[in-house]
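Enquirer: Mind looking at a prediction? Sequence and model below.
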Amino acid sequence: RRRSAQDLLKVYLQEQGGNQVTVLAPSHMSAVEVCKACAERFEVPDPESYGLFVERDGVYQLLEPDACPQLVKQEAQQDQSSFSFVYRVTGGGEPQPSPPDEELTPL
């Protein structure tokens, strides 16, 4: 089967406007599979802490692992809304801030 432009996804690293790669993603390909391709292309050291997000108007929505990015892309194009796919660290992978000293009580 020939590759078509419809099978391509442009994905940014960390934020819209950042480094970008184009990933071959047929319509049946899941977000998990696209994440694996992005991890290889971006060469991230800890791919398990990353996820595929859809960015619309500065709001990032994490795609479910079994979601099909091509279907999300089709819906967004039908709505004529601007959107981007972004491969970025998910909330669980970010370091948690340590509590301020005054909240610690001496024993």
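Expert: Perfect, I can see it now.

Enquirer: looking at this, Gln74 is in a strand?
Expert: No - Gln74 is assigned helix when assessed by DSSP: H, G, I helix; E, B strand; the rest coil, not a strand.

Enquirer: Can you report how many residues neighbour it?
Expert: Applying other CB atoms under 10 Å, we find 13 residues neighbouring Gln74. To be clear about C-beta, it is placed using only N, CA and C from the backbone, and glycine gets the same treatment.

Enquirer: Now do it against Phe83, distance only.
Expert: As defined by CB to CB, to the nearest Å, Gln74 lies at a distance of 11 Å from Phe83.

Enquirer: again, but for Cys38
Expert: Distance from Cys38 to Phe83, by CB to CB: 16 Å.

Enquirer: Compare these two (neighbour count), which wins?
Expert: Ranked by neighbour count (other CB under 10 Å), Cys38 and Phe83 place Cys38 first, with 27 against 17.

Enquirer: which helices and strands sit right next to the one helix or strand the more buried one maps to?
Expert: Here Cys38, judged by DSSP states H and E, is contained in helix 31-42. With contacts taken as 3 or more CB pairs under 8 Å, 6 or more residues apart in numbering; DSSP states H and E, helix 31-42 sits against strand 8-13, strand 20-24, strand 50-56, strand 84-89.

Enquirer: Could you check that helix and say which residues are buried?
Expert: Neighbour-count burial for helix 31-42, with 16 or more other CB atoms under 10 Å as criterion, is recorded at 31, 33-35, 37-39, 41-42.

Enquirer: With stretch 85-92 instead?
Expert: Neighbour-count burial for stretch 85-92 [16+ other CB under 10 Å]: 85-88.

Enquirer: so, if you compare the buried residues of helix 31-42, which one comes nearest to Leu13?
Expert: Phe42 (5.1 Å; CB to CB).

Enquirer: Who are the contact partners of the closest residue in space to Cys35 that isn't next to it in sequence?
Expert: Using CB to CB, 6 or more residues apart in numbering and skipping the chain neighbours, the partner closest in space to Cys35 is Leu52 (5.3 Å). Going by CB atoms under 8 Å, 6 or more residues apart in numbering, Leu52 touches 11, 31, 34-35, 38, 62-63, 69, 85-87.
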